[in-house]
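[1] just coords:
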DNA sequence: CTACGATTAGAGTATATACTCTAATCGGGA
DNA sequence: TCCCGATTAGAGTATATACTCTAATCGTAG
């Protein structure tokens, strides 16, 4: 692993553990086993490290989205699966979601990048809904309702881990599953296959 | 206004403007027109100021909740009204919601306080749903679904301003209204008197 | 090998920031 | 009036932290 990547990996780890505030560039260089000077040879400043992490997150995220899109048939089960996949992916970058609002507020460049990705994601979710409707898996909905449904899904996906943390709940397999359940219940009324039939396997 | 309150007011203003990270205790004392020594006579440290702000928020919040509870008949309209009221109240303490996860993660005492309030609020929302069902305004739902509905409502209420900010949208009357709309659409399927007859099968 | 650009070390620095200390002042009761 | 505790001023300090500087070393093309 080259020095640049070592810095990024260490930063992700420390940020996840202690938050961007508490972690200094000197901590990162020490953690990566390099000198502060070396760190600053690769990054102009701390903000740039965070931006680089976001860019990596973005690249992985797009891959993830593509994978989800490919295997998604539009059934409620695949939507749930996608949620779980996204949460697992987010776990690696959990500090970012945790501090999301502060981070994007503190760095206009980062905000711009995030907003772009955010909008693209919303389009993806929306198109997934459209597809499900076309395939007769979801009830036909007017344009406006589709958009709102997409936003509801994305809001829950984006903030569920934060919700857990501020609720005093541990973020683990089980509690993430609850987020997935919540999503299912939000979607349930729109699923063509009668939603009231709650005798799933289990 | 006494010195202590002056400090709190100034801190709220500056935190809202620039975030807790960028605002120093010296900024606060300067902004309040007092000396740093004086500030530290009233508060042991910065964390204590934030805790004091939360306590104030909590007191106001409880009043607000009581008022909402009194006038709420359980119709979808009053639920929307409550959302808007809560958002307006939150606006005064917007830094707190913005940095919510970081703040509670950084201060265990604050976290404990917040979690308590959070749980109480969830109970309130839940009882509001129960009441609506009893009055025949919402469809009867099994226990589990009620709880999830309460959580969905509270999650959206809690994170809607954050969602707007990270979406690159301005937080204003109109965008807050969209949050209220979202909430209505989440609830719509459970409302007994169908709000709008849509062209949907069933 | 040599030259040389890329990389790295690590001591060093300017500044910021949370917080302290002591003396002064205020305000109200005796 | 004087006293005395509560309050306030504000210079001062220890520490942290982001970042710099220069010299050393590495890797590789010629």
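    Noted; the coordinates are in hand. Not measured: the values here are computed from a predicted model.

[2] for chain A, which spans come out with low pLDDT?
    Counting by pLDDT under 70, the ranges of chain A that qualify are A:72-74, A:193-202.

[3] go with 90
    In the predicted model, chain A carries pLDDT under 90 at residues A:64-86, A:88-90, A:128, A:131, A:135-137, A:192-202.

[4] tell me, what residue is most central in chain A?
    Most central residue of chain A, judged by C-alpha distance to the mean C-alpha position with Cα atoms, centre = their mean, is residue A:90 at 4.7 Å.

[5] tell me the contacts of that one?
    The contact partners of residue A:90, by Cβ atoms under 8 Å, 6 or more residues apart in numbering or on different chains, come to A:97, A:161. Quick note: C-beta positions are derived from backbone N, CA and C, even for glycine.

[6] how would you label it: helix, strand or coil?
    Here residue A:90 is helix, with the state taken from DSSP: H, G, I helix; E, B strand; the rest coil.

[7] DNA strand C versus that one, what's the distance?
    30 Å (Cβ to the nearest atom of the strand, to the nearest Å).

[8] How about residue A:80?
    Taking Cβ to the nearest atom of the strand as the measure, residue A:80 and DNA strand C are separated by 43 Å.

[9] which stretch of helix or strand covers that residue?
    According to DSSP states H and E, residue A:80 maps onto helix A:76-92.

[10] For chain A, which residues are neighbours of DNA strand C?
    On the criterion Cβ under 7 Å from any atom of the strand, DNA strand C has as its neighbours in chain A the residues A:2-3, A:33-38, A:40-42.

[11] Skip ahead from the helix holding residue A:80 and say which helix or strand is next.
    Moving toward the C-terminus from helix A:76-92, the next element (DSSP H and E) is helix A:94-98.

[12] hmm, the helix or strand following that following helix in reach of chain B?
    Taking DSSP H and E as the definition, the helix or strand that follows helix A:94-98 towards the C-terminus is helix A:100-106. Yes. Applying Cβ under 8 Å from any Cβ of the partner chain, one finds helix A:100-106 in contact with chain B at A:100-102, A:104-106.

[13] I'd like to know how many residues surround residue A:156.
    Counted by other Cβ atoms under 10 Å in any protein chain shown, the residues lying close to residue A:156 total 22.

[14] Spell out the residue ranges of the helices in chain A.
    The residue ranges that make up the helices of chain A, judged by DSSP state H, are A:3-22, A:25-32, A:36-42, A:46-71, A:76-92, A:94-98, A:100-106, A:108-134, A:143-166, A:173-187.

[15] How about the longest one, which residues are buried there?
    Okay, so that is helix A:108-134. Buried residues in helix A:108-134, counted by 16 or more other Cβ atoms under 10 Å in any protein chain shown: A:110-111, A:113-115, A:117-118, A:121-122, A:124-126, A:128-130, A:132-133.

[16] Am I right that residue A:20 is in contact with residue A:100?
    No. Counting by Cβ atoms under 8 Å, residue A:100 is not a contact partner of residue A:20; they are 11.2 Å apart.

[17] These two: who's more crowded?
    Counted by other Cβ under 10 Å, residue A:20 and residue A:100 do not tie: residue A:20 has more neighbours, with 24 against 21.

[18] Pull the contacting residues for the nearest residue to that one once chain neighbours are set aside.
    Spatially, and ignoring its direct neighbours in sequence, residue A:20 is nearest to residue A:99 (6.0 Å; Cβ to Cβ, 6 or more residues apart in numbering or on different chains). Taking Cβ under 8 Å, 6+ apart as the contact definition, residue A:99 lies against A:19-20, B:99, B:101-102.

[19] And for residue A:6?
    By Cβ under 8 Å, 6+ apart, the contact set of residue A:6 is A:32-34.

[20] Among the residues you listed, which one is most surrounded by other residues?
    Compared across the contacts of residue A:6, residue A:32 has the highest neighbour count, 22 neighbours, by other Cβ under 10 Å.

[21] ok, so what distance separates the residue nearest to the centre of chain A from chain B?
    Residue A:90 is 13 Å from chain B, where distance means Cβ to the nearest Cβ, to the nearest Å.

[22] cool, residue A:15 as well?
    If you measure residue A:15 against chain B using Cβ to the nearest Cβ, the figure is 11 Å.

[23] Tabulate the helices of chain A in TSV, adding columns for distance to residue B:55.
    Written out in TSV, the entries for the helices of chain A read as follows (distance: least, Cβ to Cβ, whole Å):
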stretch	distance to residue B:55
helix A:3-22	23
helix A:25-32	33
helix A:36-42	40
helix A:46-71	32
helix A:76-92	32
helix A:94-98	24
helix A:100-106	22
helix A:108-134	31
helix A:143-166	17
helix A:173-187	28
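
[24] Ok, which of the ones you listed comes nearest residue B:85?
    Proximity to residue B:85 (Cβ to Cβ) singles out helix A:143-166 among the helices of chain A, at 20.2 Å.

[25] can that closest one be found next to chain B?
    Yes. Using Cβ under 8 Å from any Cβ, a contact is recorded between helix A:143-166 and chain B, made by A:145, A:148-149, A:151-152, A:155-156, A:158-160, A:162-163, A:165-166.
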